[in-house]
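# model this:
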Amino acid sequence: MLLLMLGFGCSIFSYHRAAYPPYVESESCSCRLGFGMARRLISPCQGCGLLNAGFLGVFSSSHYQRLPLSSSNRSSPGKNCSAYRANLRKEVSHWTRSASSLSLHSLKLVNKRTTCSVATEPPPAATEEPEMDLPKEIFLKDYTKPDYLFDAVDLQFQLGEEKTIVTSKIAVSPGTEGNSSPLALHGCDLKLLSIKVNGKDLKSEEYMVDSRRLIVSRPPAGIFNLEIVTEIYPQLNTSLEGLYKSTGNFSTQCEAEGFRKITYFQDRPDVMAKYTCRIEADKTLYPVLLSNGNLVEQGDLEGGKHYALWEDPFKKPSYLFALVAGQLECREDSFITCSGRKVTLRIWTPGQDLAKTAHAMYSLKAAMKWDEEVFGLEYDLDLFNIVVVPDFNMGAMENKSLNIFQSRLVLASPETATDGDYAAILGVIGHEYFHNWTGNRVTCRDWFQLTLKEGLTVFRDQEFSSDLGCRTVKRIADVSKLRTYQFPQDAGPMAHPIRPHSYIKMDNFYTVTVYEKGAEVVRMYKTMFGASGFRKGMDLYFQRHDGQAVTCEDFYAAMCDANNAQLPNFLQWYSQAGTPTVKVSSSYDASSHTFSLKFSQEVPPTPGQPAKEPMFIPVAIGLVDSTGKDMPLTSIYSDGILQAITSEDQAVFTTVLRFNKKEEEFIFNNIPEKPVPSLLRGYSAPIRLDSDLTESDLFFLLANDSDEFNRWEAGQVLARKLMLSLVADFQQQQTLSLNPKFVDGLRTILRNTSLDKEFIAKAITLPGQGEIMDMMPVADPDAVHAVRTFIKKELALQLKDDLLATVTSNRSSEAYTFDHDSMARRALKNTCLAYLASLNEPDTTELALNEYKSATNMTEQFSALAALSQNPGQVRDDALLDFYNKWQHDYLVVSKWFALQATSDIPGNVANVQKLLAHPAFDMRNPNKVYSLIGGFCGSPVNFHAKDGSGYKFLGEVVLQLDKINPQVASRMVSAFSRWRRYDETRQALAKAQLEMIVSANGLSENVYEIATKSLAA
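Okay, the predicted model is just below:
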């Protein structure tokens, strides 16, 4: 599943892998939300226009209706809230019992407190405030195997306008011979109509049902059949989990725990079964009926209805179940696999968007071919469906043979989508397809192992995009994302290892740590074993575990066993949170021709982990001589051992040091002159590096390093040091001045025609505001913003002629094409244009305005609009209005318009964002619109962290509104508060007040509770 990242730090022009749920923990950045991470955007529902009643008055109760509590369980909301808060002060209850330890007595007690309800009647017109369970923390150490296995699952759906009837027939077998434990099933927001065992209705005393579970107290010994009929209300499901309706169509989202909102089930990933699914619905309203696997039968029924029967021959966990029903049309193509199998490919979308699916189909076929060539992995069914839905919490979902995507990650045309959109579609289509093997054929034993499928698949989609584009540029983008989003998370109250030890709501752990840092951990295997060794490990992994639900240790064992290797303390990456800091000092001995590097490492304390063990850190390194050439490396002495460096009689210029102690020294022999070390080439480990490289060394590497990533990195280190120095000057009210050597360094890069143009664009882009604040003892958003603005304008002024020449030379009248050279040209031109427009001079403003008016594709038009939007005034206002008038009919483009305004650093922008909440194109129920507008606002440090607290107050009020509609989205928004202690005392007090207000609210979801309380406790 792809997470949507909120984009607080990425370029407004670039999209990131949308799957991370937009996680808002970064302190924000430089150029922010490009709809980027995430994870999204969407069209308002028909006829749902919001009233212009002000920010807190835009919702009626119908916006957040929920299923009622059964009458026997209702109590006074105020009374329940008081008891809840009292319990919070006393303890945090841990959920550690296995199903076998449950008793009917304990269930009756639990039934007195409810969060999710079992409906006993259709939902009323008005809603009551739901009561709240005391949140229960779940621990990895308490994992136990399921007491029962499900061998086959037959599902029947009768889809209706008012309600949907779901019948599940399950073949059940004991997990261990002689098992006599109760059968515990998960369930939420369900109305139980009937339950049968071996065809016989159970009596009321033979089972117990509460708000979260259905327990069969004494199931039969051996194999038996279980039949359950439930009633659900998809049209009222604003959480977008389970089965819900989106713009008139039925759709599902079952990962991580959505299937329990469809029927009672052992909703856990280690329960794998073969599924059949029969769907019945009105043929006129829902002509297309889709589910997993192969279509085996379809036909008409009485009363204008029809049915479709789907069968999936592969075992899967419940989180991979999917159903779609609605009025859709498809683009159809085919792919011939390496063994000759013909696979039918279909992308389903509303008819008006069908023309925008061509790039997605290209991306799918490219991914299928790449996976065969690189990993030998072939698709295993005759049909592959992708469905586009506008309302989706995440970026996309890898359901077996029926992938579901949010609209912006499929739909693209040159007129409406940017280069960043096209790149995101390529990567995310690949990501979800690659899950067919890394996630579906081999899945996770439990949700703590999530990085096993997501970290591995992120790595695979990164490699796919690198092979189809520019590897260096992709690597820079991925590392920038890691630093912008994941490093702050690793240093905050929600810090957790890539395999967390515990959680309250699993939804909160679809994070950049699990995904992006998890991918870096996978990449380290390839760094150490090489491409061929990594492939051997993957082959063994599938050979051992195809069709199984496994753990991170199983992947580690396959990698080590396939390469006959041992990686001491490498598993610490799975269990320790925090970003290691590695310090390096160097010395050269001219008499012995040896060069020494002394390493030390420290992993900072994180919540629950005050003391850390040393990590296994692979450090790729090269040595550069005085002419700028790499030195050949022959041998290294370390830990009493002299090791030769060889590679099939070829000279070796980069080697990988295995640094796994608190302190360690590596001595290179046969080094004829003092070199400049090129450290951590390709960013070979997810660490912070602190070296003794001088300013001169860094400028030398910027000009000469053969490793282009480290060439870019040298410029970034120089920029970070410069910005921090100027921030200190600004805080002391000293005059700011720019180092001429820094300007000359960027000028040299800008004029170097031998470099990739997109690399140049990234090399002349300053580090983000969040990255600089993250390096300060006390974050100062005003100072950092002022300094970054000063540097940007000063560079634009001193490099004006070069920037103008670059814009002119990179114009093109040719038709839009999605290829690297064209994208690189546009990226460089647009970066230079943004610099020039920052001057706010008549000639540069006119230049940007002409670029906006003459643009023939969305990449250049939107980039010019963003350049104009930097400066408040009539030109900005007119351009924004013109853009909206031109594109108001396209909801994905309108979401870009929302995001651009929300991320703006213009003074007092919170008032503008509040007005946009009442805009007729905005819909609080649509995650993509929320991520664009509200998430985008949190991506402007200077406005979100406004000294008067207006940004905090705005977000606090929004979070409580969102929590009534969609707790997953609300929890992502509240995470923007998580690092409140990083700021000055005034801001701390204002942010803390909002967190306390949120926690004290009645009916708070577990999702928001977990983030808010951990943030307060930090």
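# Name all residues that make contact with the closest residue to residue 370 other than its chain neighbours.
Counting by Cβ to Cβ, 6 or more residues apart in numbering, residue 464 is the residue found nearest to residue 370 once chain neighbours are left out, at 5.3 Å. Every C-beta, even on glycine, is put in place using the N, C-alpha and C of the backbone. By Cβ atoms under 8 Å, 6 or more residues apart in numbering, the residues touching residue 464 are 366-367, 370, 374, 426-427, 430, 434.
# So for whichever strand or helix holds residue 464, what gets flagged as buried?
Under the criterion of DSSP states H and E, residue 464 resides in helix 450-468. Using 16 or more other Cβ atoms under 10 Å as the test for burial, helix 450-468 gives 450-466, 468.
# Same question for stretch 310-320.
For stretch 310-320, using 16+ other Cβ under 10 Å, the buried residues are 310-312, 314-320.
# do the same with stretch 604-620
Quick answer for stretch 604-620 (16+ other Cβ under 10 Å): 604, 606, 609, 612, 614-620.
# ok so, going back, from residue 343, how far off is the residue nearest to residue 370?
Distance of residue 464 to residue 343, given as Cβ to Cβ, to the nearest Å: 18 Å.
# which residues of this protein score low on pLDDT?
Scanning the chain for pLDDT under 70 picks out 4-133.
# Longest strand in it, by number of residues?
Using DSSP state E to define each element, the chain has its longest strand at strand 305-317.
# Tell me the helices and strands packed up against the next helix or strand after that strand.
Later in the chain than strand 305-317, the nearest helix or strand by DSSP H and E is strand 323-326. Under the contact criterion of 3 or more Cβ pairs under 8 Å, 6 or more residues apart in numbering; DSSP states H and E, strand 323-326 touches strand 249-253, strand 272-282, strand 288-291.
# Now do the first one and strand 272-282, the angle between them.
This means strand 249-253. On the basis of axes from the mean of the first three to the mean of the last three Cα atoms, to 10 degrees, strand 249-253 is oriented at 170 degrees to strand 272-282.
# Alpha carbons only: can I get strand 249-253 in PDB?
The C-alpha trace of strand 249-253 is given here as PDB (Å, rounded to 0.1, in the frame of the first residue of the first chain):
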ATOM      1  CA  ASN A 249     -19.600   3.700  -6.600                       C
ATOM      2  CA  PHE A 250     -18.800   1.000  -4.000                       C
ATOM      3  CA  SER A 251     -15.200   0.500  -3.100                       C
ATOM      4  CA  THR A 252     -13.200  -1.200  -0.300                       C
ATOM      5  CA  GLN A 253     -10.000  -0.500   1.700                       C
END
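# What is it packed up against?
strand 242-246, strand 323-326, strand 383-389, strand 402-406.
# Could you do the second one as well?
For strand 272-282, the elements it packs on are strand 148-158, strand 288-291, strand 305-317, strand 323-326, judged by 3+ Cβ pairs under 8 Å, 6+ apart.
# Pairing partners for it, with directions?
strand 148-158 (parallel), strand 305-317 (antiparallel) (DSSP bridges).
# now the ones you listed in JSON lines, with distance to residue 782?
What follows is those, written out as JSON lines (distance: least, Cβ to Cβ, whole Å):
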{"stretch": "strand 148-158", "distance to residue 782": "55"}
{"stretch": "strand 305-317", "distance to residue 782": "49"}
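# closest one to residue 224 among those strands?
Checking the strands paired with strand 272-282 against residue 224 by Cβ to Cβ gives strand 148-158 as the closest, at 9.5 Å.
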